[in-house]
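In: sequence first, predicted coordinates after that:
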Amino acid sequence: MSSPVPPRPRCLRCNLPLHLCLCAEIPRVETRTRFLILQHVVEIPKKSNTGRVAALALANARLLTYGAPAEPLDTALLSEPGTWLLYPDGPTAPPDAPAPSQLVVLDASWSQARRMTQRLHALRTLPRLVLPPPAPGTLKLREPTHPSGMSTLDAIARAVAVLEGPEAAAPLERLAALRVQRIAECGTLN
């Protein structure tokens, strides 16, 4: 009987195994839109988590934890004027509405994100930025469980493209593609 293979050491900043570390490749992306990334506590230790990487890349982002008993969430941040929610369904903003000044992004599985929107009243009332489903052939690590599913980093890159133009989103798109490529070449997240 063979002994289990110990996990590879991980980068403390990007949370990937050291041989896949993206820290040297993380761009600094300036946006007019402020991104409030609401990360479910269960996502924090996952090597597959991209919310942390997105927060490192965005100069105008804040990463908050949802569901940690010792860290109560300040829900007033979700009610600031001009705040929208990046989510695939729900009340969209009127076509003539000004662009959001703050976009809340849920960094969670689909079932966790659905529960977060049910439990946080402020999220239920926000206008939604709805992205179209990813194009066929888009690089991804696994098949999403939702038709509009994509990683948090991919979703933020697409939201930046919609709100601020493709040039602003290009560094995030390159980072997302590089992440998928490195992991796919290695064949594992261990």
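Out: Structure's in. What do you need?
In: now the lengthiest helix in the chain: average pLDDT?
Out: For the chain, the longest helix by residue count, based on DSSP state H, is helix 166-186. Helix 166-186 carries an average pLDDT of 88.
In: flag every buried residue along that helix.
Out: 168-169, 171-173, 175-176, 179-180, 182-183 (16 or more other Cβ atoms under 10 Å). To be clear about C-beta, it is placed using only N, CA and C from the backbone, and glycine gets the same treatment.
In: off-centre distance for that helix?
Out: The chain centroid and the centroid of helix 166-186 are separated by 13 Å under Cα atoms, centre = their mean, to the nearest Å.
In: against which helices or strands is it packed?
Out: Judged by 3 or more Cβ pairs under 8 Å, 6 or more residues apart in numbering; DSSP states H and E, the packing partners of helix 166-186 are helix 51-57, helix 152-164.
In: so which of those comes closest to W110?
Out: When the helices and strands packed on helix 166-186 are compared by Cβ to Cβ, helix 152-164 sits nearest W110, at 11.9 Å.
In: quick one: contacts for the residue sitting nearest the centre point of the chain?
Out: By Cα atoms, centre = their mean, the chain has its centre lying nearest to T152, at 2.4 Å. By Cβ atoms under 8 Å, 6 or more residues apart in numbering, T152 lies in contact with 37, 49-51, 54, 105, 107.
In: same check, this time on P98
Out: By Cβ under 8 Å, 6+ apart, the contact list for P98 reads G82.
In: confirm it sits in a strand?
Out: No: if the criterion is DSSP: H, G, I helix; E, B strand; the rest coil, then P98 is coil and not within a strand.
In: quick one on the thing from earlier: reformat the helices and strands packed on helix 166-186 as TSV; add distance to C11.
Out: Shown next, in TSV, are these (distance: least, Cβ to Cβ, whole Å):
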stretch	distance to C11
helix 51-57	10
helix 152-164	16
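In: looking at those helices, which is nearest to G82?
Out: For the helices and strands packed on helix 166-186, the distance to G82 is smallest for helix 152-164, at 11.9 Å, taking Cβ to Cβ.
In: how about the contacts of T152, which pair is most distant?
Out: Farthest pair in the contacts of T152 (Cβ to Cβ) is N49 and V105. Separation: 12.7 Å.
In: compare the two (neighbour count), which wins?
Out: Each of N49 and V105 has its neighbours counted (other Cβ atoms under 10 Å); V105 has more, 26 against 22.
In: I'd guessed the more buried one sits against I156; true?
Out: Yes: using Cβ atoms under 8 Å, V105 is in contact with I156, at 5.9 Å.
In: anything in contact with each of the two?
Out: Jointly contacting V105 and I156 under the rule Cβ under 8 Å, 6+ apart are 35, 37, 54, 86.
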